[in-house]
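J.: could you work out the structure for the sequence below:
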Amino acid sequence: MSPIFRYSFFLSLDEKTKGKILASRNKLADILSTSFANKRYMPHLTLFYLDREENDEAVIKQASRVFEEVEAIKLVIKGTTLFTTKNADALVYTFKNPERVSQLNTQLHIAYFKRPKSDTPHITIAKDLSKEDPDIYNQLPSLTDHLVVCTSLTILKMPLDGLDNRYTKVHEITLR
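T.: Take a look at the predicted model:
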């Protein structure tokens with residue numbers, strides 16, 4: 001059996017937004033008396049994950065079809081919220097106008113899986129926060145109503161064999 005790879009589809013963020021998110025992340029580290037410095041992180045909007053056998057050419061071909069006529073995406077931040085799982089929380093920014101990103105997410109699900117599905121568009125500030133962490137999201141700088149501009153789609157891949165957890169860049173599509 002061929003090894004399985006995780007292909008991650010990320011929308012890039014404008015430089016101003018990246019800076020503000022990194023500042024929020026640093027403030028969060030101060031509040032929690034911890035450091036995120038050792039964790040690799042580049043602010044982005046996760047659009048889609050695909051776990052499959054390695055086939056960069058096919059992945060790029062399908063993504064290029066979906067994004068052929070897509071223009072730069074403009075989103076307005078609604079605020080912060082916690083996405084909760086069984087063991088930990090992730091602090092994220094959500095959007096007032098997520099419809100275009102949700103539509104692209106659904107189109108990617110149809111292109112790769114032949115069935116629609118839509119996830120909640122968000123930008124993760126920090127994940128794996130302890131359930132005991134204080135009500136931290138109210139202490140962060142507000143980015144409510146901040147305009148986010150996404151100008152490209154980046155596709156990365158990483159083997160899911162547990163031996164190497166580093167992403168490598170597969171392809172980038174500039175949005176019109």
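J.: start and end of stretch 156-174, how far apart?
T.: 15 Å (CA to CA, to the nearest Å).
J.: now do stretch 46-61
T.: End-to-end for stretch 46-61, by CA to CA: 19 Å.
J.: quick one: residues in contact with that stretch.
T.: 2-11, 101, 104-105, 108-109, 112, 119, 121-122, 124, 153, 155, 157, 160, 170-171 (CB atoms under 8 Å, 6 or more residues apart in numbering). Quick note: C-beta positions are derived from backbone N, CA and C, even for glycine.
J.: in contact with the nearest residue to residue 44 once chain neighbours are set aside, which residues are there?
T.: Nearest residue to residue 44, sequence neighbours excluded (CB to CB, 6 or more residues apart in numbering): residue 10, at 4.2 Å. Residues counted as contacts of residue 10 (CB under 8 Å, 6+ apart) are 44, 45, 46, 47, 153, 154, 155, 156.
J.: and residue 10, how far from residue 47?
T.: 6 Å (CB to CB, to the nearest Å).
J.: on that earlier part again, let's see which of the contacts of stretch 46-61 end up in strands.
T.: When those are checked against strands (DSSP state E), the matches are 4-11, 124, 153, 155, 157, 170-171.
J.: just the buried residues from the residues you listed, in PyMOL please.
T.: The buried subset of the ones in strands among the contacts of stretch 46-61, as determined by 16 or more other CB atoms under 10 Å, is captured in PyMOL by this line:
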select buried, resi 5+7+8+9+10+11+124+153+155+157+170+171
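J.: what's the lowest-pLDDT member of the ones in strands among the contacts of stretch 46-61?
T.: The lowest pLDDT within the ones in strands among the contacts of stretch 46-61 belongs to residue 124, with 88.
J.: check contacts around that one.
T.: Counted by CB under 8 Å, 6+ apart, residue 124 has contacts 46, 90, 91, 92.
J.: give me the element the second one is part of.
T.: For residue 90, the host element (DSSP states H and E) is strand 89-95.
J.: mind listing what's buried in that strand?
T.: Buried residues in strand 89-95 (16+ other CB under 10 Å): 89, 90, 91, 92, 93, 94, 95.
J.: nearest to residue 62 among those?
T.: Checking the buried residues of strand 89-95 against residue 62 with CB to CB, the nearest one is residue 95 at 25.0 Å.
J.: now do the residue nearest to that closest one when sequence neighbours are not counted against residue 45, distance only.
T.: Excluding its sequence neighbours, the residue lying closest to residue 95 (CB to CB, 6+ apart) is residue 75, at 4.6 Å. Noted for residue 75: a distance of 8 Å to residue 45, by CB to CB.
J.: show me whatever sits in contact with both of the two.
T.: 101, 121, 148, 150.
J.: tell me how far the least confident helix or strand in the chain by mean pLDDT lies from the chain's centre.
T.: Least confident helix or strand, the chain: strand 123-129 with a mean of 83, by mean pLDDT, DSSP states H and E. Offset of strand 123-129 from its chain centre (CA atoms, centre = their mean, to the nearest Å): 10 Å.
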